[in-house]
Every structure is written in C-alpha cells, then in structure tokens.
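K.L.:
Need a 3D model of the sequence below.
(one chain, ligands or ions: 1)
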Amino acid sequence: MRNKVIAGNWKMNKILAEANQFTDDVVKKVPSNDNVESIICAPFPFLSSLVEKTKGTKVKIGAQNMHFEEKGAFTGEVSPVMLKDLGVTHVVIGHSERREHFAETDETVNKKAHAAFKHGLTPIVCVGETLEQREANETMKHIEKQVRKGLEGLSEEQVASTIVAYEPIWAIGTGKTASSEDANEVCTHIRNVIKDAASEDTAEKVVIQYGGSVKPANIDELLTQSDIDGALVGGASLEAESFLALVEAGT
Ligand code: PEP
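P.N.:
Predicted coordinates for the structure are as follows:
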C-alpha cells in the first residue's frame with residue numbers, strides 16, 4: 001500500500017511571519033497517522049526557519065525549485081547541496097509555471113531529478129498538458145514523453161522513490177479541476193509508462209499526485225481513485241485550516 005502524500009505549493013506567497021504562523025498551526029494539529037505524509041513547499045527565504053519549526057514532527061519541508069549544479073557561477077540560483085544542508089527533504093521539479101516562465105525543459109527536469117537523488121532529496125516531478133494538447137487528444141503522448149525524459153537514467157530504486165505530480169495546466173489556479181476519473185486515467189497512464197520504462201514492482205511503489213484546483217471539497221473523491229496517491233496543492237494550501245483538512249482527507 002502506498003502512503004498518501006499531500007504537498008502544499010505556496011508559490012511566491014507569504015512573508016516570514018505568516019510562514020512561521022502557518023507552520024506553528026499545522027504542526028500543532030497535523031494528524032499523527034503513518035499512512036499520510038505532509039510537505040510544505042515554501043519559498044527559499046523561509047526554508048531554514050520552517051525546517052527548525054518542524055524538527056521532530058511529521059511535517060516535511062520542501063523547496064519549489066533548485067539548480068542541478070552543486071555550486072558555482074550561477075547568480076541567484078540555489079543548489080541541492082544548500083537545500084540538503086538546511087534539512088529540506090523534498091523539491092518540486094519542473095512545475096508548469098517554471099516550464100512556462102523560466103524555460104525549464106524535460107532535459108533540465110531530468111538533470112534536477114538526478115541532482116536531487118545525488119544529494120538525498122526526494123523530487124516531486126511535475127508533468128501536465130495544456131488545454132490545446134488535451135483538446136487535440138495529445139495528452140497521453142505528451143505525458144509519456146515528460147515522464148520518460150524526466151526520469152531517464154534513474155535507477156529503479158530512485159524511480160520508485162520519485163513523486164510524480166500530474167498537473168493539467170488548464171486546471172492550475174483556474175478553479176477547474178479535472179474530473180476524478182479523467183485525472184485517474186492519466187495517473188494510471190503514468191504508472192503504466194513507468195512499468196514499461198522500469199518494472200511493475202517499481203511502478204507500484206511510485207507515489208502519483210494530482211494537482212489542479214484541489215481543495216477540501218474535492219479531495220475525497222480524487223483520493224478514492226486507484227492511481228491517485230495524494231495531491232500537490234497551490235491556492236488551498238495557503239491557509240493552515242485548509243491544508244490540514246487536505247492532510248486529514250489522506251488519513
Ligand atoms: C500548483 O501550484 O501546483 C497547483 C496545482 O495550484 P492550484 O492548486 O492553485 O491549482
């Protein structure tokens with residue numbers, strides 16, 4: 001049985017005091033069940049403080065991006081070594097906003113996935129189609145390419161511990177959620193692609209999240225689907241009560 005994994009992606013929101021308050025509130029009330037994991041993916045300036053606040057608790061702290069190099073002349077970038085050193089456990093890679101606004105490609109996603117594992121971080125690898133691709137019936141082909149290229153060259157063990165987040169771009173921040181059946185169809189496809197690229201055993205271990213306007217009102221139905229093991233959540237992860245309700249749904 002795979003655990004449910006609920007990850008909040010704050011994007012470029014909050015100031016430090018708000019981030020700290022949120023985390024204090026979540027730590028106090030987070031369910032103690034072992035079958036659900038909760039991760040807060042926060043902006044870089046808050047990571048150190050949030051790691052301190054969550055030490056010894058069930059809440060993990062993730063970053064929303066990183067460079068694939070360990071160090072060097074990359075002004076403004078943050079390396080996997082720095083994240084690991086802070087105590088960060090997860091890192092979102094290839095979010096559609098980074099692919100769209102910051103020229104991330106399947107190749108950089110793949111380099112970052114390798115770098116994450118090299119430094120003991122768990123990558124949350126995002127894939128997803130545009131509305132145009134969905135309407136042109138290209139979803140499955142596009143997702144297969146993103147999954148294969150994104151995970152290329154990883155060992156079976158590494159693939160098994162990757163979190164893949166299926167986020168249809170047209171559903172992110174728009175209030176439009178894919179129906180749970182449609183979301184599951186793509187998540188099953190992702191698992192089948194991994195089965196083919198790695199092995200059945202590995203594919204069965206991979207946690208596949210759905211993301212795209214997930215909120216307390218729709219998470220239950222999404223989590224009943226056979227291949228949806230959690231959610232990557234933007235807007236509804238910004239309030240502690242709402243984030244806690246999402247984690248609770250995973251218990
Ligand atoms: C996201 O940021 O990955 C996301 C899915 O956002 P939202 O939940 O707001 O659609």
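K.L.:
how about residue 53, what does it touch?
P.N.:
By CB atoms under 8 Å, 6 or more residues apart in numbering, the contact set of residue 53 is 20, 23, 24, 27. From N, CA and C alone the C-beta is placed, and that goes for glycine too.
K.L.:
In contact with the third one, which residues?
P.N.:
Which is residue 24. If you count contacts by CB under 8 Å, 6+ apart, residue 24 has them with residue 53.
K.L.:
Helix, strand, or coil at it?
P.N.:
Secondary structure, DSSP: H, G, I helix; E, B strand; the rest coil: residue 24 is helix.
K.L.:
And the pLDDT for it?
P.N.:
As predicted, residue 24 sits at a pLDDT of 98.
K.L.:
What residues of the helix ranked longest in the chain count as buried?
P.N.:
The longest helix of the chain (DSSP state H) is helix 180-197. Counting neighbours by 16 or more other CB atoms under 10 Å, one finds that the buried residues in helix 180-197 are 180, 183, 184, 186, 187, 189, 190, 191, 192, 193, 194, 197.
K.L.:
Out of those residues, the closest to residue 244 would be?
P.N.:
Taking CB to CB as the measure, residue 244 sits nearest to residue 180 out of the buried residues of helix 180-197, at 21.6 Å.
K.L.:
Contact partners for that closest one?
P.N.:
With CB under 8 Å, 6+ apart, residue 180 has these contacts: 218, 221, 222, 224, 225, 228.
K.L.:
Relative to the whole chain's centre, how far out is stretch 52-71?
P.N.:
Put simply, stretch 52-71 sits 12 Å off its chain's centre (CA atoms, centre = their mean, to the nearest Å).
K.L.:
does it come close to the ligand?
P.N.:
No: no part of stretch 52-71 sits close enough to the ligand to count as contact by CB under 6 Å from any ligand atom; the gap is at least 8.9 Å.
K.L.:
residues near residue 75, how many?
P.N.:
Applying other CB atoms under 10 Å, we find 5 residues neighbouring residue 75.
K.L.:
List only buried entries from the contacts of residue 180.
P.N.:
218, 222, 225, 228.
K.L.:
Among the residues you listed, pick out the one closest to residue 4, please.
P.N.:
Closest approach to residue 4 among the buried ones among the contacts of residue 180 (CB to CB): residue 228, at 9.1 Å.
K.L.:
Please read off the pLDDT at the residue in the chain that the ligand sits nearest to from the model.
P.N.:
Of all residues in the chain, the one sitting closest to the ligand is residue 234 (2.3 Å; CB to the nearest ligand atom). You'll see residue 234 listed with a pLDDT of 98.
K.L.:
Likewise for the one 5 residues further on?
P.N.:
Per-residue confidence for residue 239 comes out at a pLDDT of 98.
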